[in-house]
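In: Need the 3D shape of this:
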Amino acid sequence: MRAKFYVDSITTFAHSPATEVRLQPVMGGSEENSKFWAMTPSGLLEMRLENPEAQTFFKTGTEYYIDFSKAS
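Out: Numbers count the residues shown, from 1 in each chain. The predicted model follows:
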């Protein structure tokens, strides 16, 4: 299953090496986003990252595909 989210906010912490990334489903702005919105109308994904490379990967306002597959 595939979803499409955008980065709503990125929070850094003064006393922690972690960065929190908050993503929400796309809503509009393109035909593709409208199709994703129809299938994923609400949601929230928060991740706390300590890996410096992962922290710099995410940018506020940028859209990302999220692919889900069952772990076995």
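In: quick one, phi psi at the residue lying closest to Ser34 once chain neighbours are set aside?
Out: Counting by C-beta to C-beta, 6 or more residues apart in numbering, Ser34 lies nearest to Gly28, which is 5.7 Å off, once chain neighbours are set aside. Heads up, the C-betas are built off the backbone N, CA and C, glycines and all. Dihedral angles of Gly28 (phi, psi; degrees, to the nearest 10) stand at phi -160, psi -160.
In: Quick one: neighbours of Gly28, just the number.
Out: Neighbours of Gly28 under the rule other C-beta atoms under 10 Å: 9.
In: How confident was the prediction at Thr40?
Out: At Thr40, the pLDDT value in this model is 69.
In: What of the one 4 residues further on?
Out: Leu44 carries a pLDDT value of 94.
In: got the contact list for it?
Out: By C-beta atoms under 8 Å, 6 or more residues apart in numbering, Leu44 lies in contact with 22-24.
In: quick one: it from Ala3, how far?
Out: Here Leu44 is placed at a distance of 12 Å from Ala3 (C-beta to C-beta, to the nearest Å).
In: Next: Lys59.
Out: Counting by C-beta to C-beta, the gap from Lys59 to Ala3 is 18 Å.
In: Which one's more surrounded, the two?
Out: In this view Lys59 and Ala3 are compared by other C-beta under 10 Å, and Ala3 has more residues nearby, 17 against 12.
In: Would you double-check that the more buried one falls in a strand?
Out: Yes: assessed by DSSP: H, G, I helix; E, B strand; the rest coil, Ala3 belongs to a strand.
In: Please, where are all the strands along the chain?
Out: Applying DSSP state E to the chain gives strands spanning 2-12, 19-25, 45-49, 63-67.
In: other SSEs contacting the longest one?
Out: Put plainly, it is strand 2-12. strand 19-25, helix 31-39, strand 63-67 (3 or more C-beta pairs under 8 Å, 6 or more residues apart in numbering; DSSP states H and E).
In: in its sheet, what does it sit against?
Out: strand 19-25 (antiparallel), strand 63-67 (antiparallel) (DSSP bridges).
In: Please identify the deepest-packed of those.
Out: Highest mean neighbour count among those (mean count of other C-beta atoms under 10 Å): strand 19-25, with a mean of 18.
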